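Novice: Pasted the sequence and its predicted model underneath.
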Amino acid sequence: MIHIQNHEKRVIVIGAGLGGLAAAIRMQALGYKVSILEKTDRLGGKASVFKKGNYIFDGGPTAVTAPYLIEELFSLNNEKMSNFLELKPVKPYFRIYFNDGSHFDYSTIEENIQQIKAIDSNDAEGYKKMIKSIEPIFQKGFMELSDKSFESFWSMLKIAPALLKLGAYKSVYSYVSKYIKSDKLRMVFSYHPLLIGGNPFKITAIYMLIQAVEKEWGVWFVRGGTGKLVEELAALFIRMGGNIQLNSEVKEVLFSTKKKVSGVILQNGKILNSNIVISNAPVATTYLKLIPKAKKTRIREFKYRHSIYSMSVFMIYFGTNRLYPDLHLHNIILGKRYKGLIDEIFNKKQLNQQGDFSAYLYVPSRIDRSLAPPEGETFYILVPVPNQDSNINWEEEKIPFRNLIMGFLEKNFLPNLSKHLATEKILTPKDFEERYLDYKGAVFSLAPTFTQSAFFRPHNRFEDFTGLYIVGAGTHPGGGIPGVFSSAKLTTDIISNLKK
Ligand SMILES: Cc1cc2nc3c(=O)[nH]c(=O)nc-3n(C[C@H](O)[C@H](O)[C@H](O)COP(=O)(O)OP(=O)(O)OC[C@H]3O[C@@H](n4cnc5c(N)ncnc54)[C@H](O)[C@@H]3O)c2cc1C
């Protein structure tokens with residue numbers, strides 16, 4: 001990597017999501033003078049924290065994987081992550097509840113095998129074979145390709161045969177079904193794509209690598225919540241000399257010539273100059289909203305408007321004034337239907353009103369008492385819902401849907417919840433669209449389908465322009481904490497290689 005000595009070399013990063021923070025740290029380490037401009041009043045994007053009294057809510061990501069990617073950021077400033085963050089291993093990784101009340105503690109391979117035997121002993125052998133078969137997918141898809149830029153079609157052609165051989169044309173669900181016969185276990189080993197906003201029946205089996213990433217590095221909880229990770233990354237960036245401006249929404253990217261970027265203008269009219277702008281705003285928002293009309297092409301506009309976007313989420317962050325000691329940190333609640341429900345969310349774009357939804361229930365106060373008052377618990381429940389391509393009127397549906405979810409929780413998991421509810425806050429897809437400018441309220445950006453991965457995913461450099469880059473879930477390699485940290489590495493490597 002080349003180290004730029006001239007400290008007047010400026011970089012603007014639009015957005016303080018995890019990808020934006022990581023890219024800013026990396027550019028600062030290369031010797032640039034980096035400013036982050038964030039639209040909202042807080043850091044972290046989807047990983048922002050909401051506080052209500054002593055209840056501290058992580059807004060989004062909760063399960064940390066591949067922590068070496070965080071360690072790398074501290075090492076760029078010759079520091080050790082362990083001096084700032086305490087990571088606790090989570091076991092089991094997730095507790096998965098079935099509709100009949102039984103559960104599966106999803107964890108290490110050995111522990112999974114024991115649990116599989118209790119459900120269907122025939123599937124234990126199939127599971128072992130499946131895990132073995134994922135190994136080359138992990139080696140290729142994560143170890144070799146997650147930090148390759150795929151800027152040329154040739155780079156895609158070169159690896160296409162290997163990807164096809166690994167089964168990339170199959171969906172995650174059909175991949176799992178080849179090895180596992182029990183319906184319950186098929187759900188357990190195929191729900192992972194939902195964690196990055198993808199439909200298990202559609203997204204490429206390459207994403208089986210998520211299970212291999214968990215196996216390789218485990219699942220971790222940051223003491224103090226994911227908000228602590230955001231806080232410490234921002235503090236690291238400041239120690240390195242970086243600058244962060246909150247409440248600073250970028251209105252437009254500015255150009256000095258037809259193609260060359262010269263800076264940005266904020267909604268308040270302030271102009272900031274820089275020849276390098278890295279956008280952590282969602283990729284479609286960057287192109288459709290932040291690039292002046294005269295610079296855009298119809299083809300690209302069409303492409304961004306008509307790509308396949310991820311699902312959205314309906315979030316209830318709530319605190320209770322009693323304890324619920326039986327709950328685990330990460331709980332996945334599977335409804336009666338699986339394919340039918342996913343079809344409603346991704347294809348029919350309908351809101352489930354039968355109350356048989358699937359959800360993820362996060363209870364961080366179960367392992368970290370600093371996040372709730374002594375007699376209470378902090379929760380969030382995430383219910384996957386269609387993105388804003390649906391015609392759902394969230395103003396009208398918000399409270400009835402909230403009541404359905406809370407009623408379901410009270411009946412099945414949290415007795416007397418309504419009596420013990422101390423605080424709550426709701427975010428709908430419309431809120432994500434307005435707050436973070438998530439295009440179509442798709443909180444995980446572009447869906448990770450085969451035709452939207454690798455070369456086909458928006459590149460980390462906008463090739464139509466000089467000096468405009470992208471980082472975060474909508475670019476290569478994709479969403480999730482490891483995805484956006486890898487994208488920061490990739491984007492900054494591209495910039496540093498261009499300057500050599
Ligand atoms: C509810 C939920 C739970 C999740 N759980 C997990 C999990 O457990 N594990 C995991 O690995 N991943 C998880 N994810 C995915 C993960 O959180 C995201 O992929 C990742 O945080 C996205 O980071 P990003 O860098 O793309 O930026 P984002 O978080 O999208 O941040 C982008 C930032 O840009 C700002 N911005 C946008 N436009 C402008 C503008 N014009 N001017 C200035 N600023 C602007 C926004 O305000 C925002 O702060 C979860 C996501 C959600 C929503």
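Specialist: Perfect, I can see it now.
Novice: And the strand or helix carrying residue 494, how far out from the chain middle?
Specialist: Using DSSP states H and E, residue 494 sits in helix 481-499. Its chain's C-alpha centre and that of helix 481-499 lie 17 Å apart, by Cα atoms, centre = their mean, to the nearest Å.
Novice: same question, stretch 37-50
Specialist: With Cα atoms, centre = their mean as the basis, stretch 37-50 stands 14 Å off its chain's centre.
Novice: do the same with stretch 135-144
Specialist: Remark: stretch 135-144 is offset 20 Å from the chain centroid, using Cα atoms, centre = their mean.
Novice: Okay, buried residues for it please.
Specialist: Buried residues in stretch 135-144, defined by neighbour count with 16 or more other Cβ atoms under 10 Å: 137-138, 140-142. C-beta: built from backbone N, CA, C; applies to glycine.
Novice: That one near the ligand anywhere?
Specialist: No: judged by Cβ under 6 Å from any ligand atom, stretch 135-144 and the ligand are separated, with a smallest distance of 13.4 Å.
Novice: Does the helix holding residue 494 reach the ligand?
Specialist: Yes: Helix 481-499 is in contact with the ligand by Cβ under 6 Å from any ligand atom, via 481, 484.
Novice: cool, stretch 380-400 as well?
Specialist: Yes: with Cβ under 6 Å from any ligand atom as the criterion, the ligand is reached by stretch 380-400 at residue 382.
Novice: Could you do stretch 462-470 as well?
Specialist: No: Stretch 462-470 lies out of reach of the ligand by Cβ under 6 Å from any ligand atom, never closer than 9.5 Å.
Novice: buried residues in that stretch?
Specialist: By 16+ other Cβ under 10 Å, the buried positions in stretch 462-470 come out as 462, 465-470.
Novice: what helix or strand is residue 261 on?
Specialist: Assessed by DSSP H and E, residue 261 sits inside strand 261-266.
Novice: In PDB, list the C-alpha atoms belonging to that strand.
Specialist: Output in PDB follows, covering the C-alpha atoms of strand 261-266 (Å, rounded to 0.1, in the frame of the first residue of the first chain):
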ATOM      1  CA  VAL A 261     -15.500  14.500  -8.700                       C
ATOM      2  CA  SER A 262     -14.600  17.700  -6.800                       C
ATOM      3  CA  GLY A 263     -16.600  17.400  -3.500                       C
ATOM      4  CA  VAL A 264     -20.100  17.500  -2.100                       C
ATOM      5  CA  ILE A 265     -22.700  20.000  -1.200                       C
ATOM      6  CA  LEU A 266     -24.800  19.500   2.000                       C
END
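Novice: Direction included, what does it pair up with?
Specialist: strand 250-255 (antiparallel), strand 271-273 (antiparallel) (DSSP bridges).
Novice: Among the ones you listed, which comes closest to residue 430?
Specialist: strand 250-255 (21.3 Å; Cβ to Cβ).
Novice: gap between the closest one and the chain center?
Specialist: The answer for strand 250-255 is 26 Å, by Cα atoms, centre = their mean.
Novice: So which residues make contact with that strand?
Specialist: Under the contact criterion Cβ atoms under 8 Å, 6 or more residues apart in numbering, strand 250-255 has outside partners 14, 37, 39, 261-267, 271, 273, 277, 279, 281, 286, 290-292, 295, 465, 468.
Novice: sec struct for the residue of the stretch 351-500 of the chain found nearest the ligand, please.
Specialist: The stretch 351-500 of the chain approaches the ligand most closely through residue 472 (2.7 Å), counting by Cβ to the nearest ligand atom. Using DSSP: H, G, I helix; E, B strand; the rest coil, the structure places residue 472 in coil.
Novice: Let me know the pLDDT of the closest residue to it other than its chain neighbours.
Specialist: Closest residue in space to residue 472, ignoring its immediate chain neighbours: residue 19 at 3.6 Å, by Cβ to Cβ, 6 or more residues apart in numbering. Residue 19 carries a pLDDT score of 98 in this model.
Novice: what ranges do the strands span in the stretch 251-400 of the chain?
Specialist: Ranges of strands in the stretch 251-400 of the chain, per DSSP state E, counting those that start in this stretch, are 261-266, 271-273, 276-279, 312-320, 330-333, 359-362, 377-385.
Novice: deepest of those, which one?
Specialist: strand 276-279 (a mean of 27; mean count of other Cβ atoms under 10 Å).
Novice: does it come close to the ligand?
Specialist: No: shown here: strand 276-279 not in contact with the ligand (Cβ under 6 Å from any ligand atom), separated by at least 7.8 Å.
Novice: Tell me the helices and strands packed up against that strand.
Specialist: On a contact count with 3 or more Cβ pairs under 8 Å, 6 or more residues apart in numbering; DSSP states H and E, strand 276-279 meets strand 10-14, helix 18-29, strand 261-266, strand 468-470, helix 481-499.
Novice: Kind regards, and thank you for your time.
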